[in-house]
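Colleague: got a structure for you, letters missing:
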């Protein structure tokens, strides 16, 4: 009875638009109250908020968010798009390829998908539209390219997943590197197919000489420095991901000071980072209460036993899990989805013999689709806000990339070594 009431209340509160943190807190709290009474829920509410957020590894999340926002105000991404435009702008769909490459590069020094989408909306889309690109093609590639920040390290979603699933943060971050490159290639190939089908949607760009291309590389030193600092420190083990996040944020701050970024822009970056971090902390507090309720009801054990009793093959269970994340991604943000499903799905997948790091990357790649699929694709609404283009056109432009992503997920399932190889060398 308590399980039915709590889950029903959770769905109802989500449907009416109550903040996610309060939804977890209210539904979980009422469930615990029904199971154990007022004394237990009172004791839990007095201890859970502090214990759930005083985790050392959790510091990496606000630090990576701060690094992303500082990089955004530094203007580095504008220069990166210009560099990629010079190198690939002349090829069919060149500016769209440059957008995908810029999204990958920005993801390699940030970790925030919405920040990446906002940056691409203000840098790449105006250039594509000015050159005569089709609106659906231009906005679709920008929306899907923004999701690369969720996969390519450093990734806030990866850190969050590792903390929930009790995995090594460094290994999971590195596990996303090769799939992130493959997703970037998939976006570029999808654009090539779309341009081949209708060349008028992506006119040829300006031609640049080899000398101009080489000279443009001088603007990439700051990105290369940050990339080496962040990825190199994590991969080699010189610093933990938490320490690396602080070093990366400091490096981004020094970059802003060197570029003489105005004080009001720095203050805005810090304020935005604090707001986002506090929101995540509140979600974690609410989720800890809901997670305790899930533990009391033994939902995970019941699900594992149910799968064993009906005799489903592990591949059928995996297919169902992927479909579940595709559907949930249409209605929930990444953090909510991970908190709600990871504590249940990870033990189930472990019991079926799947590698936990491999499954984590599959989940993140699948959840990327939720950022560009209706009705609540967050990246789509961010791009619509910055460009004024209707969300319907952007969703339509993202559809080919969703199909291509599903094909890539199938390949990652067939060849798990694409994910597990690089972490195994650490």
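Modeller: Sure thing, it's come through. On a predicted model such as this, the values are computed, not experimentally measured, just so you know.

Colleague: Can you find the helix or strand in the protein with the smallest mean pLDDT?
Modeller: Every helix and strand of the chain was ranked by mean pLDDT, DSSP states H and E. The lowest is helix 299-310, at a mean of 67.

Colleague: Follow the chain on from it and name the next helix or strand.
Modeller: Using DSSP states H and E, the helix or strand that follows helix 299-310 in sequence is helix 314-329.

Colleague: Pull out the buried positions in the helix or strand just after that following helix.
Modeller: Next helix or strand after helix 314-329 toward the C-terminus (DSSP H and E): helix 334-351. The neighbour-count check on helix 334-351 (16 or more other C-beta atoms under 10 Å) flags 334-349, 351 as buried. Quick note: C-beta positions are derived from backbone N, CA and C, even for glycine.

Colleague: angle of the next helix or strand after helix 334-351 against helix 334-351?
Modeller: Moving toward the C-terminus from helix 334-351, the next helix or strand (DSSP H and E) is helix 356-368. Here helix 356-368 runs at an angle of 140 degrees relative to helix 334-351 (axes from the mean of the first three to the mean of the last three C-alpha atoms, to 10 degrees).

Colleague: other SSEs contacting helix 356-368?
Modeller: helix 156-165, helix 169-175, helix 177-197, helix 314-329, helix 334-351, helix 391-414, helix 417-424 (3 or more C-beta pairs under 8 Å, 6 or more residues apart in numbering; DSSP states H and E).

Colleague: Show me what the first one is in contact with.
Modeller: Helix 156-165 is touched from outside by 55, 57-58, 60-61, 64-65, 111-113, 150-151, 167-169, 172-173, 176, 241, 280, 334-335, 338-339, 342-343, 346, 356, 360, 363-364, 367, with contacts defined as C-beta atoms under 8 Å, 6 or more residues apart in numbering.

Colleague: of the residues you listed, buried ones?
Modeller: Here, 16+ other C-beta under 10 Å leaves 58, 60-61, 64-65, 111-113, 150-151, 167-169, 172-173, 176, 241, 280, 334-335, 338-339, 342-343, 346, 356, 360, 363-364, 367 buried among these.

Colleague: what's the longest helix in the protein?
Modeller: Scanning the chain for the helix with the most residues, using DSSP state H, yields helix 263-297.

Colleague: Show me what the mean pLDDT comes to for that one.
Modeller: The average of the pLDDT scores along helix 263-297 is 82.

Colleague: So which bits of it are buried?
Modeller: Within helix 263-297, the residues that qualify as buried by neighbour count (16+ other C-beta under 10 Å) are 265-266, 269, 272-273, 276-277, 280-294, 296-297.

Colleague: From residue 195, how far out is residue 396?
Modeller: 17 Å (C-beta to C-beta, to the nearest Å).

Colleague: Between those two, which is the more surrounded one?
Modeller: residue 195 (23 against 15; other C-beta atoms under 10 Å).

Colleague: ok, that one - contacts?
Modeller: 92-93, 96, 137, 201-202.

Colleague: One more pass at 10 Å, please.
Modeller: 91-94, 96-97, 133-134, 137, 201-204 (C-beta atoms under 10 Å, 6 or more residues apart in numbering).

Colleague: now residue 390
Modeller: Counting by C-beta under 10 Å, 6+ apart, residue 390 makes contact with 135, 139, 384, 396.

Colleague: closest to residue 125 among these?
Modeller: Minimum distance to residue 125 across the contacts of residue 390 is 6.2 Å, recorded for residue 139 (C-beta to C-beta).

Colleague: Distance check, that closest one against residue 400.
Modeller: As it turns out, when the distance is counted by C-beta to C-beta, residue 139 lies 12 Å from residue 400.

Colleague: shared neighbours of those two, which are they?
Modeller: Overlap of the contact sets of residue 139 and residue 400 (by C-beta under 10 Å, 6+ apart) is empty.

Colleague: and the end-to-end length of stretch 165-174?
Modeller: By C-alpha to C-alpha, to the nearest Å, the extent of stretch 165-174 from end to end equals 16 Å.

Colleague: Work out the gap between that stretch and the centre of the chain.
Modeller: 15 Å (C-alpha atoms, centre = their mean, to the nearest Å).

Colleague: what do you get for stretch 288-300?
Modeller: Worked out by C-alpha atoms, centre = their mean, stretch 288-300 lies 25 Å from the chain centre.

Colleague: Local confidence estimate at residue 404?
Modeller: 92.

Colleague: pLDDT below threshold where in the stretch 1-150 of the chain?
Modeller: Applying pLDDT under 70 to the stretch 1-150 of the chain picks out residues 2, 77-78, 89-90, 108-112, 114-115.

Colleague: could you pull out the strands for it?
Modeller: Secondary structure of the stretch 1-150 of the chain (DSSP state E, counting those that start in this stretch): no strands located.

Colleague: quick one: the helices in it?
Modeller: 2-16, 20-36, 38-53, 60-74, 76-88, 94-107, 113-130, 135-146 (DSSP state H, counting those that start in this stretch).

Colleague: looking at those, which is closest to residue 311?
Modeller: helix 2-16 (24.6 Å).

Colleague: List the buried residues in that closest one.
Modeller: The neighbour-count check on helix 2-16 (16+ other C-beta under 10 Å) flags 2-3, 6-7, 9-10, 13-14 as buried.
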